[in-house]
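In: sequence and predicted structure, then a few things I'm wondering about:
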There are 2 protein chains.
Amino acid sequence: MAIGTLVGRGVPRIDAAGKAQGAARFTDDIQLPHMLHGAILRSPHPHARIRAIDVSRAVSLKGVRAVVTGRDGPGEKYGVFPHSRDQYLLALDKVRYVGDEVAAVAAVDRDTAEEALGLIRVEYEVLPAVFDPAAALKEGAPVLHDHAPDNVSATVGLDFGDLEGAWKGSAAVLEETFDLAALSHCQLEPYVSLASYDPATGQLDMWMPHQSPFTKQKGLSNTLGIPPHKVRVLKAQIGGGFGGRSEVSPADYCAALLSMKTGKPVKIRYSREETFTVTRQKHPWHARVKLGADARGVVTGFEADILVDGGAYNSTGQIAISVPYATIEATYRIPNVRYRATRAYTNNSIRGAMKGHGINQIYYVFETLLDGLARELGIDPVEMRLRNIMNTGETTNSGSTVTSSGLREAIERSAAAAGYGKTKPAGRGLRGVGVACGSSIVGFNMGFRSGSTAHIHFNEEGGATLFTGTTDNGQGNDSMMVQIAADQLGVPMAEIALVSADTQLTPLDPGSYSMSATYVSANAVWEAAKDARRQLLEQAAEKLEAAPEDIVLADGFAQVVGSPAQRVLIRSLVIKALQKGKPISGKGHFRPDINYTRDWTTPGRQQGQVTGTYSYGAAVAEVEVDPDSGAIHILGMTGAQDCGFAINPTAVEGQSHCSIAFGLGQALLEQLAFDSGQTFSTNLVEYGLPGAADVPEMQTLIVESLDPSGPYGAKEASEALHIAVLPAITNAIADALKVRPTRVPVTPDQVLKLLQGKR
Amino acid sequence: MAIGTLVGRGVPRIDAAGKAQGAARFTDDIQLPHMLHGAILRSPHPHARIRAIDVSRAVSLKGVRAVVTGRDGPGEKYGVFPHSRDQYLLALDKVRYVGDEVAAVAAVDRDTAEEALGLIRVEYEVLPAVFDPAAALKEGAPVLHDHAPDNVSATVGLDFGDLEGAWKGSAAVLEETFDLAALSHCQLEPYVSLASYDPATGQLDMWMPHQSPFTKQKGLSNTLGIPPHKVRVLKAQIGGGFGGRSEVSPADYCAALLSMKTGKPVKIRYSREETFTVTRQKHPWHARVKLGADARGVVTGFEADILVDGGAYNSTGQIAISVPYATIEATYRIPNVRYRATRAYTNNSIRGAMKGHGINQIYYVFETLLDGLARELGIDPVEMRLRNIMNTGETTNSGSTVTSSGLREAIERSAAAAGYGKTKPAGRGLRGVGVACGSSIVGFNMGFRSGSTAHIHFNEEGGATLFTGTTDNGQGNDSMMVQIAADQLGVPMAEIALVSADTQLTPLDPGSYSMSATYVSANAVWEAAKDARRQLLEQAAEKLEAAPEDIVLADGFAQVVGSPAQRVLIRSLVIKALQKGKPISGKGHFRPDINYTRDWTTPGRQQGQVTGTYSYGAAVAEVEVDPDSGAIHILGMTGAQDCGFAINPTAVEGQSHCSIAFGLGQALLEQLAFDSGQTFSTNLVEYGLPGAADVPEMQTLIVESLDPSGPYGAKEASEALHIAVLPAITNAIADALKVRPTRVPVTPDQVLKLLQGKR
């Protein structure tokens, strides 16, 4: 095999057998000697001042080793950005939502820790609370934070072109108000955090599910007041990320504080209910949106007034409301724009990053209106999209260039594969077809602006070790890294040991968010492998008396192209190099070429390349609605993902299956129910997570646009298609019902209301 | 601080607090989930054929998870060298000493495993045994191994010059027969091995005390038939090595087999008795030695016939009998030599490497006769040595050059510090003074001939991680590596995380034997740090607009020499470099310049540089002997160690204290007692390990000869002085008694016999 022959193939994942056989070690599988178990006391009130906390009875309970409250920590507020720190990870002054962390206990077992929670007496002064974001912004509403007397957590305002002129030049203009529910990531692994503090060295070791060990390290270091090099986040298997495991969790903080207090390891494992209520949720949206097009269907203007319910704390704040615009403008040419978004504080659960972070929402509203305009103007919805999409080389309003786009191919191939436009047999119910697009920013430097570095070194006795800081949340990043290195180096994947996601062992990496694992991290691995490859070829050239460019590394050998007998074991080259004092080890680095002004609030100031590249996707859905029951049956789903290049097509296909299931859940099933700040639906069934029986037959297509800056041309495989699925389904429902749903999920109840003309 | 100001200082060790507080994690501290406990069934016979093994009752015992015998392994013989493999790590055909491994059990706890051992029925055919090496070499002796019908495990023969001529030209010639006891390393940590095999990945993880993870990996891979990259040896703290933890142990092998059979982690912990009897022991010597000198005291000839009792298996074989000559010839100029050594197989415990491996023995016999000749010729013993020692630049008989020697200084300074030659107050008993020299080969490539590689990389958020494959057995290697890196890089030691001794994480290293940790491994670290330093200086030069050579790295800053205000944080340089796509990471490699023919058996064929360099030591002992009881009291010990350069003088001093205690134990106290192959004295008290009360007042001196190839000029700090201590004490006893002891340890009983004219 030569370069590029191991990639592009559907090789089995390196972690497949271990996960299938139950040998994979997740955080909760880790047992440390003398380990204690922690539990967290939470606020029963949505808004209250803490007058006093009496832990004396809890401390005295047999088996309790430590109790901490906000006064035991260094008193630093936490936040994703230095300017947005607004949360004590253990309440000091007030509680702001039902579930807010008040105290934590470490005990010899979990039962004792939970029993001790019941012995802690907290004296609350209950305060008026506000749960509706619009109400929260009104004069006289209860104020959550002193720094935000208006309850505004973040705003974004962007203007491009001449919107009034746009409306005047439009053949059709639609305006609509939309609502999207709060959602939960539903990672199959509940949140669990294990801290082990060594009083002798002052080092804190931590394990937890995360999207980047370095982001956790940085946050914990800031909040705990421990230097970063003394906070080590180590590798464990992770049962799902989906954007929800980026930030430091109060569980991390409490486990760390308790371990520092006791000198023993402390594990805190959230129940499923806690995972639902006190980990981040997806922002619910209320948006008034207006879209116009000329007679040819070309979009003339777009106006959006978005209000999102941020819950009690800032979390990703402005990111949540700025990223949506940054993606939609790279999919559709929109000459005139007025975009306003506000994130309000309320006494609800905290909202943060989730897969399709604000992007699911904006594509839903945009694609719904685009479809509406198409029908109004008598243009086929597929054609409508092809007339408006951005192409490779075009630059967005805010100054980002699309370096590669497979969107046209994605639309055309998914339409063709779905038999779009062909006459279908009639069904018992109302049938409809919908199409929609999606895109993602790829390699936006959310965490660290220093890119990713990777190292690889060969061992004398065979095999190599590859070091990358990136995280595998379950999507297969670990395998991808090994596959790329093996491809470059001509050794079997099984001979490359991977060391990943450990702040002490692995070099800096921005982490698995914003679609950076393939585009950024794998790029660094690619470069490191190419560096080691150059060194091997130099040795081989000398040994084989051939030019390096005439030598191929494959199957453990370096051999002269066209002369297979002229070959030498790679292992011999490694030993030879060592004996010359030139150990074979490669170093690689990649940083996306990003350069933009970071002012998202002053209209006209957001300028420059916001992301390394963009990925695209398109989906076609066919549905049948039962007009009596309102039940929606998905007849078929076809989706295409422009992943740039499919390093492992099987993995891309798996991600596409996930994209369809994920989008389908959002469109039809999933929602978090609240009442007075209390989260209900705190199990997977009540919440509505799709099960295997909910997932329809599907066709997934791979589009390869070969990005000039991606590794082998690759970009990402898990986001763009999933964005398209939700609006493709709602557009299919609109096609079936002849009325647009404006609330998602579209439940049977909602369908019946739509059919009755009520929304 | 500039380069060279953090080294040369007695900084606290990085592991000191953890070890003092009990937080350091040794192998037995590691608890893995579902871990089983193993125990080994051993032969009660010194020599027997195994007819049958019935494990059925053991397998049926409640709590037993697996039983393995030799038939469960791949049936590969083990040996230090490919040509010397003679040991099944679980007996297949025969047992050859009392303690030989026959079967192993894994059970839910240790008690159950031990109970199960009692249920295994082994049918033995007892064979005649031989315990005396001379008897073993005789015609008709019981034969241990089919491949060695003469019971010869290894031989060495070397001839230089004209020995008959030498004797003729001598003013005095002494000939004597000497005996030295078998010894035990007495590491405070009993041997323990933990294996964790993952059936999903086929990877075997192992923890145990060792002197090199790579040597263990290689041996286990060969013996278990697992590819090397699937055997990972991980880091644990180690409670002593002293040469005895180099080889694969049957405990490693059995733990691995049991883990592979059960799919669960298995820990085997030896009792103190097992650690005494079935881990390697120091070779007992029986040697006839002849030494001559001319009237000026210049040595004319040296003849040695050495017979060592190797016990049942080969272990280090030829190394044990060739290294002694390689060191003595680099201390003393010996124009004419006849050196013959044989290692015999016997049915005793297995002998292998131990601190002063054959070297303690040869210096004892040589220094004893040199002292005898001095007295016979009327030359002061100190002067006698100064007349015969090799100096820097001289080449040995076998072709090795002494690249640096501080021996003259060591002798002169230790004599001066001891007040040698000054009149001392008389005591109640017989008083005597003795002097002796020692030396060591430094950086002989015993394990891997590819030298050591080290890596270091900086992390954006402060701190760096240093990777070195070498092992810290307790002597402080880990600290030394960090100290050197911190010195080069201008950051505090606390900001450098060390990753050491892990076959997967760390690059290849030959391990902590043959005095290579400082000279070889630290050299690679030094080079890696210098490489990273160059990269930092390049960034700093640009930022500070100064030449790299005018910039100093110190206290976390790069600053212009003489202009302290012109400075920049090293951390800023690291970030700046990352943003330029040039992450700061250094790679270093060192391989001793060794080149010799490896034929030790054909006289005249052993030629070339056998070692990177040599270290030297000298000791002066003063003793008082009670002629009535035979008790020997050490009045004073003075020792000098030529360590090349003292990277950490406190650590060198600590090693020198150990050298004196170690030598003293060998001279006066320690010995393993045997009867018919059964080891007695299997606890520290009966064996005679010196306690704090046995260790006298001591003066230790550091000699710095600044070796041209060592890091900062450093060589080693733990061997050369210790070699000198034993003969300095026995020479002092000879001076007191006016008769030479020819057996060590010199016990009170022995003293009384010497005084009575009996030996």
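Out: Alright, I've got the coordinates.
In: which residues of the stretch 51-200 of chain A fall in helices?
Out: Ranges of helices within the stretch 51-200 of chain A are A:56-60, A:110-117, A:133-136, A:163-168, based on DSSP state H, counting those that start in this stretch.
In: could you pull up the residues touching the residue lying closest to A:Asp294 once chain neighbours are set aside?
Out: Closest residue to A:Asp294 apart from its sequence neighbours, by C-beta to C-beta, 6 or more residues apart in numbering or on different chains: A:Ala171 at 5.2 Å. (C-beta placed from N, C-alpha, C; glycine too.) Applying C-beta atoms under 8 Å, 6 or more residues apart in numbering or on different chains, we find A:Ala171 in contact with A:Ala293, A:Asp294, A:Ala295, A:Leu377.
In: around chain B, pick out the residues from the stretch 1-150 of chain A.
Out: A:Ile14, A:Ala17, A:Gly18, A:Ala20, A:Gln21, A:Ala23, A:Ala24, A:Asp29, A:Ile30, A:Gln31, A:Leu32, A:Pro33 (C-beta under 8 Å from any C-beta of the partner chain).
In: which one of the residues you listed sits in the busiest neighbourhood?
Out: A:Ile14 (22 neighbours; other C-beta atoms under 10 Å in any protein chain shown).
In: quick one: that one and A:Val482 touch, right?
Out: Yes: between A:Ile14 and A:Val482 there is a contact at 5.7 Å, judged by C-beta atoms under 8 Å.
In: who touches both of the two?
Out: Common neighbours of A:Ile14 and A:Val482 (C-beta under 8 Å, 6+ apart) are A:Met493, A:Leu498.
In: residue of the stretch 101-250 of chain A closest to chain B, please.
Out: Residue nearest to chain B within the stretch 101-250 of chain A: A:His229 (2.8 Å; C-beta to the nearest C-beta).
In: what is the neighbour count of that residue?
Out: Using other C-beta under 10 Å, the number of residues around A:His229 comes to 23.
In: tell me the SS of it?
Out: Assigned with DSSP: H, G, I helix; E, B strand; the rest coil, A:His229 falls in the helix class.
In: correct me if wrong: it contacts B:Leu498.
Out: No: judged on C-beta under 8 Å, A:His229 makes no contact with B:Leu498 at a distance of 11.6 Å.
In: adding secondary structure, write the residues of the stretch 1-150 of chain A next to chain B out as TSV.
Out: TSV is the format used below for the residues of the stretch 1-150 of chain A next to chain B (three-state DSSP):
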residue	secondary structure
A:Ile14	coil
A:Ala17	helix
A:Gly18	helix
A:Ala20	helix
A:Gln21	coil
A:Ala23	coil
A:Ala24	coil
A:Asp29	helix
A:Ile30	coil
A:Gln31	coil
A:Leu32	coil
A:Pro33	coil
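In: from those, which is closest to A:Val105?
Out: Comparing the residues of the stretch 1-150 of chain A next to chain B against A:Val105 with C-beta to C-beta places A:Leu32 closest, at 18.2 Å.
In: touching, the closest one and A:Pro265? I think so.
Out: Yes: applying C-beta under 8 Å, one finds A:Leu32 in contact with A:Pro265, separated by 3.9 Å.
In: overlap in contacts of the two?
Out: Taking C-beta under 8 Å, 6+ apart as the criterion, A:Leu32 and A:Pro265 both touch A:Leu194, A:Ser196.
In: A:Gly10 and A:Glu189: what is the separation?
Out: According to C-beta to C-beta, to the nearest Å, A:Gly10 and A:Glu189 sit 26 Å apart.
In: these two: who's more crowded?
Out: Ranked by neighbour count (other C-beta under 10 Å), A:Gly10 and A:Glu189 place A:Glu189 first, with 21 against 13.
In: over to the closest residue to that one other than its chain neighbours: give its phi and psi.
Out: Spatially, and ignoring its direct neighbours in sequence, A:Glu189 is nearest to A:Gly239 (2.5 Å; C-beta to C-beta, 6+ apart). Main-chain dihedrals, A:Gly239, degrees, to the nearest 10: phi -100, psi 50.
In: A:Gly239: neighbour count?
Out: By other C-beta under 10 Å, the residues close to A:Gly239 number 20.
In: next up, the contacts around it.
Out: A:Phe26, A:Gln187, A:Leu188, A:Glu189, A:Pro209, A:Gly474.
In: so which of those residues belong to strands?
Out: Using DSSP state E, no member of the contacts of A:Gly239 falls in strands.
In: mind checking how far whatever residue of the stretch 301-450 of chain A ends up closest to chain B is from B:Lys715?
Out: Residue of the stretch 301-450 of chain A nearest chain B, by C-beta to the nearest C-beta: A:Ser450 (3.7 Å). According to C-beta to C-beta, A:Ser450 stands 40 Å off from B:Lys715.
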